[in-house]
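**Q** here are the coordinates; sequence isn't available:
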């Protein structure tokens, strides 16, 4: 399946040089908390008895996001700044963690909940890490393979014999690459893999060192388009679904803080719907959280637009924001178990990987 970036979103953007890799951008400190409700004050001249009961103390939740603060987390920043978490009785602390570290921390209860993709959850559960995936954020799997339009690559079959830049044999990009090739009857033996452990594959593609590269739909292709290079995006076909990033939680935390977690998810879903209707809300919230994003506002707007596109697919449109597709999870488990070097340590079921306890009522 070929997806090209919507020209209407990028046509007005000035050209600029592509970053060596967005993943290696300077890490910005991103810990913060929402203000807790203030207790009621005694009435003037009163005996000191509050005019109304003091609100219950807010429940603190530590929320793990991706490694680098980004406009891609706009819905969380917006829900926090708009007071949706506070109004739900929550005090939020954001932390930025790499996906593998976050999965382990959530399993131990050191972080209450956070973002991870299904291809991280399935191996973790097979290794006995007690986590569940409870809310879909990226309804479409965001990992992709991309190439210059001038390369002549249009389909997954066109990758045969081509040089493909990738970080290494780990993570969602590696799983997606294998799934994409399999959709065309190919394997990694049919292509030339060129590793870029420091995530320089996008720069290598721009310089024609490789023919294609792995990346994310809301990242590298936008950088190339910004540099004036028309891009072809190869995403997974519907016949080869993989579950994208979503909110995960530890099973013990779910049992202990279920009401607070449900309130967090409901507030986040509200923020997603409002940003989808008015992306400027999310952009402003992200800039307020990470001021340096304002230095290239148009690029951030394009990244956010591409991110919003990932939030919905036919399944979530029919079943609600955040809905989890069990069939897609089963297909992903089956595919990952079929890989020659499968990361799935033991057979797992969909029920062991997901939960519907956090989903907003419809």
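**A** Nice, I can see it. Because the structure is a prediction, the values reported are computed rather than measured.

**Q** pLDDT below threshold where in this structure?
**A** Applying pLDDT under 70 to the chain flags residues 1-55, 362.

**Q** rerun that using 50 as the cut-off
**A** Residues of the chain meeting the criterion pLDDT under 50: 1-54.

**Q** now the strands for it?
**A** For the chain, the strands defined by DSSP state E cover 2-3, 59-65, 90-96, 113-117, 131-136, 143-148, 163-166, 192-195, 212-216, 231-234, 245-250.

**Q** which of the ones you listed is buried the deepest?
**A** strand 212-216 (a mean of 28; mean count of other Cβ atoms under 10 Å). Just so you know, the C-beta spots here come from the backbone N, C-alpha and C atoms, and that holds for glycine as well.

**Q** does anything pack onto that one? Which helices or strands?
**A** Strand 212-216 sits against strand 143-148, strand 163-166, helix 171-183, helix 201-206, with contacts defined as 3 or more Cβ pairs under 8 Å, 6 or more residues apart in numbering; DSSP states H and E.

**Q** with distance to residue 357 added, can I get the strands of the chain in JSON lines?
**A** Listed next are the strands of the chain as JSON lines, based on distance: least, Cβ to Cβ, whole Å:
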{"stretch": "strand 2-3", "distance to residue 357": "33"}
{"stretch": "strand 59-65", "distance to residue 357": "15"}
{"stretch": "strand 90-96", "distance to residue 357": "17"}
{"stretch": "strand 113-117", "distance to residue 357": "12"}
{"stretch": "strand 131-136", "distance to residue 357": "7"}
{"stretch": "strand 143-148", "distance to residue 357": "27"}
{"stretch": "strand 163-166", "distance to residue 357": "36"}
{"stretch": "strand 192-195", "distance to residue 357": "40"}
{"stretch": "strand 212-216", "distance to residue 357": "29"}
{"stretch": "strand 231-234", "distance to residue 357": "35"}
{"stretch": "strand 245-250", "distance to residue 357": "9"}
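
**Q** from memory residue 66 sits against residue 96, does it?
**A** Yes - because the distance of 6.5 Å satisfies Cβ atoms under 8 Å, residue 66 is recorded as touching residue 96.

**Q** spit out the contact partners of the nearest residue to residue 275 once chain neighbours are set aside.
**A** Spatially, and ignoring its direct neighbours in sequence, residue 275 is nearest to residue 282 (3.7 Å; Cβ to Cβ, 6 or more residues apart in numbering). By Cβ atoms under 8 Å, 6 or more residues apart in numbering, the contact set of residue 282 is 71, 74, 75, 77, 78, 271, 275, 304, 308.

**Q** which one of those residues is nearest residue 134?
**A** Among the contacts of residue 282, residue 75 lies closest to residue 134 (Cβ to Cβ), at 15.5 Å.

**Q** ok, the closest residue to residue 149 other than its chain neighbours - how many residues close by?
**A** Excluding the flanking residues, the one nearest residue 149 by Cβ to Cβ, 6+ apart is residue 230, at 3.9 Å. Using other Cβ atoms under 10 Å, the number of residues around residue 230 comes to 14.

**Q** and residue 230, how far from residue 105?
**A** 41 Å (Cβ to Cβ, to the nearest Å).

**Q** cool, and residue 254?
**A** On the measure of Cβ to Cβ, residue 254 and residue 105 end up 15 Å apart.

**Q** now do the top helix by length along the chain: everything it contacts.
**A** Longest helix in the chain, counting residues (DSSP state H): helix 258-277. Helix 258-277 is contacted from outside by 59, 61, 63, 74-76, 78-79, 82, 84-85, 87-90, 92, 112-113, 134-135, 137, 247, 249, 253-254, 281-282, 304, 308, 311-312, 321-322, 357-360, using Cβ under 8 Å, 6+ apart.

**Q** kindly report the same for stretch 155-165.
**A** 2, 145, 151-153, 177, 180-181, 183-186, 190-196, 200-202, 204-205, 209-214, 234.

**Q** can we see that at 6 Å?
**A** 180, 183-184, 186, 190-194, 196, 201, 204, 210-213, 234 (Cβ atoms under 6 Å, 6 or more residues apart in numbering).

**Q** spatially central residue for this structure, please.
**A** Closest to where the C-alpha atoms of the chain average out (Cα atoms, centre = their mean) is residue 245, at 4.3 Å.

**Q** residues touching that residue, list them.
**A** 115, 117, 137, 138.

**Q** what's the answer for residue 324, then?
**A** Counting by Cβ under 6 Å, 6+ apart, residue 324 touches 136, 354.

**Q** surely residue 144 touches residue 232?
**A** No - Residue 144 is not in contact with residue 232 according to Cβ atoms under 6 Å; the separation is 9.9 Å.

**Q** shouldn't residue 183 be in contact with residue 240?
**A** Yes - using Cβ under 6 Å, residue 183 is in contact with residue 240, at 4.8 Å.

**Q** who's more crowded, the two?
**A** Remark: of residue 183 and residue 240, residue 240 carries more neighbours, 21 against 18, as counted by other Cβ under 10 Å.

**Q** could you pull up phi and psi at the more buried one?
**A** Here the main-chain torsion angles of residue 240 (degrees, to the nearest 10) amount to phi -130, psi 60.

**Q** ok, now residue 230?
**A** phi -60, psi 140.

**Q** use 8 as the first number from now on
**A** Sure, I'll start counting at 8 from here, so that last one is residue 237.
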